[in-house]
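Trainee: build me a structure from this.
(chains A and B)
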Amino acid sequence: MSLKSYSRARAVHVMLVYTGGCNGCDIEIVNCVLSPKYDIEQYKIFLTWNPREADVLVVTGPVTRHNKEPLKAIYEAIPEPKAVIAAGACALMGGVYKNIHGDIPSEEICGPVDEVIPVDAKVPGCAVRPEDVLAGAVAALPLLLDAE
Amino acid sequence: MDEDNKITDETPKKQVIETEVPLGPVHSAAIEPYRVRLFVEDEIVKDAEITVGVNHRGIERIMEGLPVEKANSLTEKICGICSNIHIWNSVLVAEKALEIDVPERAQYIRIIMAELERLHSHLLYLAHGNEVLGHETFSMRLFYIRETVMELLRMVGGNRVQYGVPVIGGIRPRAELDQMKIQKIEDGINFLEEKLSNFAERFISDPMIMSRITGVGVIKKEDALRLAVSGPTLRATGVAVDLRRDMKEYDPFDFDVITQDDGDIKSNLLMRVLENFESIKIIRQAINHLPEGSITNRSWEMQDTPITKNYVEAPRGKLYHSYALNDGRVRHCIIRTPSITNIGAMEYACIGCHITDAQLAVVQCDPCFTCTDRAIQIIQL
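Mentor: Residues are numbered from 1 along each chain as shown, chains lettered A, B, ... in the order given. Sure, this is the predicted structure:
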């Protein structure tokens, strides 16, 4: 393990972007960080709101039309190496909002997330459980650490 | 010569530089995407504007034409914080339209869920408020207390966020309470009451926090009424309005309507702290006097109904649902959430604040923009 990976593994910064879900996943992920029960900081993962500082991007929600361009801009602003985690059913397949009555796609939704930006790890659930978010964040770490 | 550029004899006014400070849509203090534009002079906010619409998903459009059972479970997806009250109100609309009697045991369990949800919503508000305030210790402490409520919700409803307990005519069989679950709820709320009174004592007696939040972001009573503010934000200005008093489901329960006087951030925070104790009181009465009997009434028939509306008291204020039933399907669905009227109060509370207090002044009104983003404006091009 290089010195860079060694030090990077001790300060992973996660940025959270809400792209129009129901808030359920968002509060569970914030719960993950702030609640003493889950406490993601024990794995040296910290929450940040600055994309230029971030290593991991956590996206929730089905990507509404207004959020498509900002999401791309935030993704571009994160320096390499980076990992993207899509959390929740909406981020994975558009959730209940994407398909109206069977196969008619909603014109309000541009998701799922992997149609907008490349996704590395997927966390299922409606809403996601904090334990799963922890597992997803830890699963994304090798992408950062093994990068050239 | 252009009329506007003509120099007059009036003494020139003092040059004021107005700066615009945008916050959001993705901002550290905002749990959800919305945009606040602050117009600032000398670090004092002169005007504020909140823009929503980033979150628009068109949920009423999706509900339109669905079978009523499906539409009810879809209303839960409007908001992840107050999901139970949405499905409850939607079910109440159908029950009111079809004149269905709900067994008493089901009513009690619905109320237990509603009050547990109010507890978790208020605790989230307090934790978030303390985080924005800069007091992370209290914030983490409140998240720790809140975890008890989340565990109780998961035990009764089966999920931490979307529970789906009410169905037309009663509750889902999954949410039936046996003796063990009742015991767990009792233990949970006892623990919660002890921890919350500890927290309240320390919060009120902390001179640093109190001096930081007293007299900041004031909403006056007459302005609150003019802006049609609802819920705890209105009660914090001194108006004793609680829709739970008018709901027949809450008739057997004894609880107080908490009010505060000042309408500032301190009143808003204390309001939620004290309301938690009322919720605990209601849950305790419900589990002590839980009636025996069935939990669903299956003897009802679907028929066409005109547009029916219903109001309930959500954790954030007055919640309105209305729809008509045609052929078992939902038509003309309209939902109005409390935050849509509280936006006026958020803009109003910012004015006159120091710029560092502006986000706190918005957060004190308990914004929930995922609920709110439903209106669209059609512009002819």
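
Trainee: neighbours of A:V138, how many?
Mentor: 14 (other CB atoms under 10 Å in any protein chain shown). Placement of C-beta: from N, CA and C, glycine included.

Trainee: before we move on, what about the one 4 residues further on?
Mentor: For A:P142, the tally of surrounding residues (other CB under 10 Å) stands at 13.

Trainee: hang on, it in a strand?
Mentor: No: with DSSP: H, G, I helix; E, B strand; the rest coil as the criterion, A:P142 is helix rather than part of a strand.

Trainee: what's the distance between it and chain B?
Mentor: Separation of A:P142 from chain B (CB to the nearest CB, to the nearest Å): 27 Å.

Trainee: confidence score at that residue?
Mentor: Looking at A:P142, its pLDDT stands at 83.

Trainee: go on, B:I85?
Mentor: 92.

Trainee: and it, how far is that from B:N268?
Mentor: Distance of B:I85 to B:N268, computed by CB to CB, to the nearest Å: 20 Å.

Trainee: would you mind measuring from the closest residue to chain B within chain A to B:I62?
Mentor: Of the residues in chain A, the one nearest chain B is A:G24, at a distance of 2.6 Å by CB to the nearest CB. A:G24 is 17 Å from B:I62, where distance means CB to CB.

Trainee: neighbour count for these two, which is higher?
Mentor: A:G24 (27 against 23).

Trainee: now that one. Nearest residue, chain neighbours left out?
Mentor: B:G80 (2.6 Å; CB to CB, 6 or more residues apart in numbering or on different chains).

Trainee: residues contacting the one you found?
Mentor: B:G80 makes contacts with A:G21, A:C22, A:N23, A:G24, A:C25, A:D26, A:I27, A:A127, B:V161, B:Q162, B:T370, as judged by CB atoms under 8 Å, 6 or more residues apart in numbering or on different chains.

Trainee: neighbour-wise, give me the winner out of these.
Mentor: A:C22 (33 neighbours).

Trainee: which residue packs closest to that one, ignoring adjacent ones?
Mentor: Per CB to CB, 6+ apart, closest to A:C22 is B:G80, 4.2 Å.

Trainee: do the same with B:E104
Mentor: B:P291 (4.5 Å).

Trainee: for B:V40, same thing?
Mentor: B:T19 (4.9 Å).

Trainee: got the confidence number for residue 103?
Mentor: In the absence of a named chain, this looks at chain A. Reported pLDDT for A:D103: 69.

Trainee: oops, chain B please
Mentor: 93.

Trainee: same thing with B:D178?
Mentor: 91.

Trainee: next one: B:I376
Mentor: 58.

Trainee: equivalent analysis for B:P173, please.
Mentor: 90.

Trainee: likewise for B:L381?
Mentor: Per the predicted model, pLDDT is 64 at B:L381.

Trainee: equivalent analysis for A:G136, please.
Mentor: 87.

Trainee: secondary structure element for the residue in the stretch 1-150 of chain B positioned nearest to chain A?
Mentor: Residue nearest to chain A within the stretch 1-150 of chain B: B:G80 (2.6 Å; CB to the nearest CB). Of the helices and strands defined by DSSP states H and E, none includes B:G80.
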